[in-house]
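Student: 3D model of this:
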Amino acid sequence: MAEWGPFEALDTLGAEELRKRLESLRAIIERAPVPIAIAHDPECRFISANRALASLLRLPTDANISLTPLAGDPGYRIQRRGVDMPREELPMQYAIAHRTSVSNEIEIVRADGSVLYVQNDVEPLYDTHGRIYGCVSVCVDITDRMLAETALRDADRRKDEFLATLSHELRNPLAPLRTALELMRIARDDRAVVDKARATMERQLLHLVRITDDLLDVSRITQNKVEFRRERIDLRAVVHSAVEATRPMIDEHAHMLEEDVPAVPLWADADFTRLSQALSNLLNNAAKYTPNGGQITLRAEQRGTHVVVSVRDNGAGIRAEVLGQVFDPFVQGERSYSRSKGGLGIGLTLARSIVLLHGGTIEARSAGLGQGSEFVVHLPLPPPSAETRSIESRRPATRIAGQRILVVDDNIDAAESLGALLRCLGADVVTVHDGPAALEALRTEKASAAVLDIGMPGMDGYEVARRVRSGPRGNDIKLIALTGWGNDEDRRRSREAGIDHHLVKPVDLHVLEDLLAARRGEPRPANLH
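Tutor: Next up, the predicted model:
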């Protein structure tokens, strides 16, 4: 620290005592944990910093930190709202010029470009004659608070944008669903019209299911509540599954998809379904943000100790300032040809979360708007000593022809329609609509499996399952919950009640058929949630 200005208030003390007190005061300020600056002249041409402030500014403790002209480059700048402050408005200079205290929030830009947000308080220093000989400035680093407030505002803005997007995305399929229903009612005798309306409804229903699944998935994954079923799989099968899932969107936009996959297996310890979901999301993103007739390249290869899968397109591209945010929830960056192409903005979030939970990494690359983009996934190779068998070698599930199946749901339409579908697959189906009727049917009908709704009045599906398991045929009947309740607590209660599998409405018929076809106690197929 430099020499202090006059302290005439202490002139009644002896010279030695005064020197000791000044030394003590210097030491206190120098070692104070709060950043402090002292201006030693009224022109603020020499300003010293204590250790805390010098450390904050990343400057030597003996540096002159004055911003007054002719003082040299101090190695930092003071700004307000991103703009350099004029000399006459600098806090210490302003306090002396106007003989007033100053309290404000400023930004300090260090030599490396990093920005600090500071609460700054300045007090002029007066001698016994009322003359100002300098000032003292105390700084409090509020960078963390300001960044948190900015993040909170951004999150609130994204929340509002997400709710608006969700409303839009839900109304989009609901409108054609309602129209198709009216069309089927009016033109019920026109087979072609009815078939076309039904196909429309199937597509839109699938879209609603995907929206709901994405919302549930992002919630479970971000809370680390998702169950992964990892096993040794060939990633070529995952790539094939992802392409199949995305093919309708790729064809709809007349894109050309190039697959560059090696002829030899690419082994990984992974959850087949989840990893396929992640790659599907990357392909969907490429198809969505590439103008019609674009080029998409999906490449998979082994590099050293990792398998690398990349999805590249020649579409809209991503601005440099958005690249670091594309994996954040509900982010949909501006694109060169469209503000939004639909979706909730959580597909890339899910992809990143799934990859990270597999011990991998994912990176977004783009040269800018109109320059296309590329997403690169790195997954670690499994130990070479582990068993290597492809998911494709699994035996497919048998059909359910001849099985006697009980369907239990208090929603009559849901029970009867599911029963009709299972009958089309060759099953002998009995439908009932409450818990007591289900127990009676299981006693008299000798069913081999029961598909149970959970949320039934009076006796719910859990209670039905508990009574079945405690009965004489308790170990012979396969119980499958088919319900709208799908969180972790609901699944736990199903297990405790003795239910073999817990499915969430609306169910994929192939998934239900696979479970019904398998013997009770067999591992569930790897392609099931």
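
Student: State which helix of this structure is the longest.
Tutor: Within the chain, and with DSSP state H defining each element, the longest helix by residue count is helix 143-186.

Student: Now the closest residue to P173 other than its chain neighbours: which helix or strand?
Tutor: Nearest residue to P173, sequence neighbours excluded (C-beta to C-beta, 6 or more residues apart in numbering): Q204, at 3.8 Å. C-betas here are computed from N, CA, C, even on glycine. Using DSSP states H and E, Q204 sits in helix 191-222.

Student: In terms of secondary structure, what does the next helix or strand after that helix contact?
Tutor: Counting by DSSP H and E, the next helix or strand C-terminal to helix 191-222 is strand 231-234. Applying 3 or more C-beta pairs under 8 Å, 6 or more residues apart in numbering; DSSP states H and E, we find strand 231-234 packed against strand 267-270, helix 272-288.

Student: Including mean pLDDT and mean neighbour count, could those go into TSV?
Tutor: Formatted as TSV, the helices and strands packed on strand 231-234 follow (pLDDT from 0 to 100; neighbours: other C-beta atoms under 10 Å):
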stretch	mean pLDDT	mean neighbour count
strand 267-270	88	23
helix 272-288	88	24
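
Student: got those as CSV, with distance to V140 columns?
Tutor: Below are those laid out as CSV (distance: least, C-beta to C-beta, whole Å):
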stretch, distance to V140
strand 267-270, 49
helix 272-288, 43
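
Student: I'd like to know which of the ones you listed lies nearest to A187.
Tutor: For the helices and strands packed on strand 231-234, proximity to A187 was assessed by C-beta to C-beta; helix 272-288 is nearest, at 33.1 Å.

Student: So which elements touch that closest one?
Tutor: strand 231-234, helix 235-252, strand 295-303, strand 306-313, helix 347-357, strand 373-380.

Student: quick check: angle from it to strand 295-303?
Tutor: Helix 272-288 runs at 140 degrees relative to strand 295-303, counting by axes from the mean of the first three to the mean of the last three C-alpha atoms, to 10 degrees.

Student: Could you shift the numbering so residue one becomes 30, and keep it that way?
Tutor: With the count now opening at 30, the last piece we talked about shows up as helix 301-317.

Student: ranges for the helices of the stretch 380-529 of the chain?
Tutor: 441-453, 464-474, 490-498, 517-526 (DSSP state H, counting those that start in this stretch).

Student: tell me the mean pLDDT for the longest helix of the chain?
Tutor: Mean pLDDT, computed over helix 172-215, is 78.

Student: cool, and stretch 543-556?
Tutor: Mean per-residue pLDDT for stretch 543-556: 65.

Student: cool, stretch 405-422 as well?
Tutor: Rounded to a whole number, the mean pLDDT of stretch 405-422 is 64.

Student: that older thread, which of the helices of the stretch 380-529 of the chain sits most buried?
Tutor: Comparing the helices of the stretch 380-529 of the chain on average neighbours per residue, with mean count of other C-beta atoms under 10 Å, the densest one is helix 490-498 at a mean of 21.

Student: rewinding a little: out of the helices of the stretch 380-529 of the chain, flag the one nearest I325.
Tutor: I325 lies closest, by C-beta to C-beta, to one member of the helices of the stretch 380-529 of the chain: helix 441-453, at 35.0 Å.

Student: Show the average pLDDT along the closest one.
Tutor: For helix 441-453, mean pLDDT is 84.

Student: Just name whatever secondary elements that helix is in contact with.
Tutor: Helix 441-453 sits against strand 433-437, strand 457-461, with contacts defined as 3+ C-beta pairs under 8 Å, 6+ apart.

Student: surely V540 meets L532?
Tutor: Yes - checked against C-beta atoms under 8 Å, the pair V540 and L532 is within contact range at 6.9 Å.

Student: before we move on, the earlier item: winner for burial among the helices and strands packed on helix 441-453?
Tutor: Counting by mean count of other C-beta under 10 Å, strand 433-437 has the highest mean neighbour count of these, with a mean of 23.

Student: Specify the angle between that one and helix 441-453 in degrees.
Tutor: Using the same axes, to 10 degrees: strand 433-437 against helix 441-453 is 170 degrees.

Student: got the angle for strand 433-437 vs strand 457-461?
Tutor: Using the same axes, to 10 degrees: strand 433-437 against strand 457-461 is 20 degrees.

Student: can I have strand 433-437 written out in CSV, keeping just the CAs?
Tutor: What follows is strand 433-437, C-alpha atoms only, in CSV (Å, rounded to 0.1, in the frame of the first residue of the first chain):
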residue,chain,number,x,y,z
ARG,A,433,-57.0,-66.8,-22.8
ILE,A,434,-56.5,-63.2,-21.6
LEU,A,435,-58.5,-61.1,-19.2
VAL,A,436,-58.8,-57.3,-19.9
VAL,A,437,-59.8,-55.2,-16.9
